[in-house]
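Visitor: Give me a 3D structure for the following:
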Amino acid sequence: MGAIIEAIRNKLTAAFEPTRLEVEDDSARHHGHAGARPGGESHFNVVIEAAAFAGANKVARQRMVYRALAEELAGPVHALSVKALAPGEASS
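Guide: Residues are numbered from 1 along each chain as shown. Predicted coordinates:
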């Protein structure tokens, strides 16, 4: 596991105490595209389930995640796909 994916996992865990957290480095699919870096760790997919998202709409949930990862988004992370769920919600 790379340093950036580890930082993402650690920060999301600390901020939200998720019951489910999946972080996928999707950089290989973006090789040669804008923002792609040699060695990857520039494009990520996140699925997170946490009680903190209960009652918040999709945009608010994404903003919560972006705030927690502000440092990464300002630097090495070029793209972040977020699916944020409250416990019991379907992940369709």
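
Visitor: how about low-confidence regions in the chain?
Guide: Along the chain, segments meeting pLDDT under 70 span 1, 28-40, 92.

Visitor: for it, what spans make up the strands?
Guide: For the chain, the strands defined by DSSP state E cover 20-25, 43-49, 79-85.

Visitor: Mind listing what's buried along the second one?
Guide: Right, the one you point to is strand 43-49. H43, F44, V46, V47, I48, E49 (16 or more other C-beta atoms under 10 Å). To be clear about C-beta, it is placed using only N, CA and C from the backbone, and glycine gets the same treatment.

Visitor: Equivalent analysis for the last one, please.
Guide: For strand 79-85, the neighbour count (16+ other C-beta under 10 Å) marks A79, L80, V82, K83, A84, L85 as buried.

Visitor: Of the residues you listed, just say which sits nearest to E6.
Guide: Using C-beta to C-beta, L80 comes nearest to E6 of the buried residues of strand 79-85, at 15.3 Å.

Visitor: what's the angle from the longest helix seen in the chain to strand 20-25?
Guide: The longest helix of the chain (DSSP state H) is helix 3-16. Helix 3-16 runs at 160 degrees relative to strand 20-25, counting by axes from the mean of the first three to the mean of the last three C-alpha atoms, to 10 degrees.

Visitor: just to revisit the earlier point, in CSV: the strands of the chain, plus distance to E6.
Guide: Below are the strands of the chain laid out as CSV (distance: least, C-beta to C-beta, whole Å):
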stretch, distance to E6
strand 20-25, 9
strand 43-49, 12
strand 79-85, 15
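
Visitor: Between those strands, which one is closest to V59.
Guide: So among these, strand 79-85 is nearest, using C-beta to C-beta, at 10.1 Å.

Visitor: neighbouring strands for the closest one, and are they parallel or not?
Guide: Each strand paired with strand 79-85, and its direction, by DSSP bridges: strand 43-49 (parallel).
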